[in-house]
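Asker: generate coordinates for the sequence data below:
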Amino acid sequence: MASCCAKKIPEREKQVMVVGVDDSEYSTYALEWILDHLITPSPTPIFKLVVVFAKPSVTSAVGIIGPGAPEVFPMVEADIKRTAARVTEQAKQLCINKSVNDAIVEVVEGDPRNVLCEAVEKHHASVLVVGSHGYGAIKRAVLGSVSDYCAHHAHCTVMIVKKPKTKH
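Answerer: Sure, this is the predicted structure:
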């Protein structure tokens with residue numbers, strides 16, 4: 001039988017998966033979950049991983065600017081930088097522990113809702129992954145939900161990873 005019709009399928013470029021991380025156990029769980037279930041089980045993963053930490057600005061972290069605020073800024077800024085370094089280092093280590101050595105880890109200043117939606121656009125992501133903090137309706141309405149916002153505004157599939165409730 002002739003193989004006139006057999007074509008070699010070109011190796012396609014990996015799709016991009018953006019994962020939002022913060023300093024919560026929920027985002028850590030989401031990153032671990034996708035590493036365990038979607039990235040590392042395959043010998044040829046279809047996703048390129050981009051991990052994004054949205055760093056709050058000093059003014060948003062301090063809130064209302066009043067007398068004495070300028071003295072607080074350097075301390076708050078140092079704390080934000082330490083948190084960003086800790087969170088991104090933890091994310092890098094989780095990836096390396098799962099043999100994902102090509103993950104991109106970014107720190108971007110801004111509101112997490114906007115930062116994640118912009119990262120989706122920048123990287124042409126096909127999937128955005130966020131962890132769920134498990135807030136109730138009232139707390140979610142007051143604080144605003146990053147996952148709700150992204151589910152409605154990101155121009156890609158949004159996966160919300162929920163951490164199972166622990167039994168007491």
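Asker: tell me the contacts of the residue nearest the centre of the chain?
Answerer: Note on the chain: the residue nearest the mean C-alpha position is residue 20, at 1.2 Å, using Cα atoms, centre = their mean. Contacts for residue 20 were tallied using Cβ atoms under 8 Å, 6 or more residues apart in numbering; they are 27, 30, 52-54, 112, 115-116, 119, 128-131, 146, 150. Glycine gets a C-beta too; all of them are placed from N, C-alpha and C.
Asker: mind running it again at 10 Å?
Answerer: 27, 30-31, 50-54, 112-113, 115-117, 119-120, 128-131, 146-147, 150 (Cβ atoms under 10 Å, 6 or more residues apart in numbering).
Asker: check residue 58 too.
Answerer: Residue 58 sits in contact with 69, 72, 73, 74, 75, 76, 77, 78, 79, 80, 109, where contact means Cβ under 10 Å, 6+ apart.
Asker: now the terminal residues of stretch 94-114, how far apart.
Answerer: Chord length of stretch 94-114, first to last residue, is 25 Å (Cα to Cα, to the nearest Å).
Asker: list the buried residues in it.
Answerer: Using 16 or more other Cβ atoms under 10 Å as the test for burial, stretch 94-114 gives 94, 95, 98, 100, 103, 105, 106, 107, 108, 112, 113.
Asker: nearest residue to the second one other than its sequence neighbours?
Answerer: In this structure, residue 95 finds its nearest non-sequential neighbour in residue 103, 4.3 Å apart by Cβ to Cβ, 6 or more residues apart in numbering.
Asker: next one: residue 45
Answerer: Residue 45's closest residue in space is residue 39 (Cβ to Cβ, 6+ apart), at 5.3 Å.
Asker: pLDDT score assigned to the one you found?
Answerer: At residue 39, the model reports a pLDDT of 85.
Asker: any idea how far it lies from residue 75?
Answerer: 37 Å (Cβ to Cβ, to the nearest Å).
Asker: higher neighbour count, these two?
Answerer: Looking at residue 39 and residue 75 with other Cβ atoms under 10 Å, you find the greater number of neighbours at residue 39, namely 22 against 11.
Asker: lowest-scoring secondary structure element of the chain by mean pLDDT?
Answerer: helix 137-143 (a mean of 57; mean pLDDT, DSSP states H and E).
Asker: which one's the longest helix in the protein?
Answerer: helix 69-97 (DSSP state H).
Asker: neighbouring strands - and their directions - for the helix or strand just after that helix?
Answerer: Beyond helix 69-97 on the C-terminal side, the first helix or strand identified by DSSP states H and E is strand 104-109. In the sheet, strand 104-109 lines up against strand 47-55 (parallel) (DSSP bridges).
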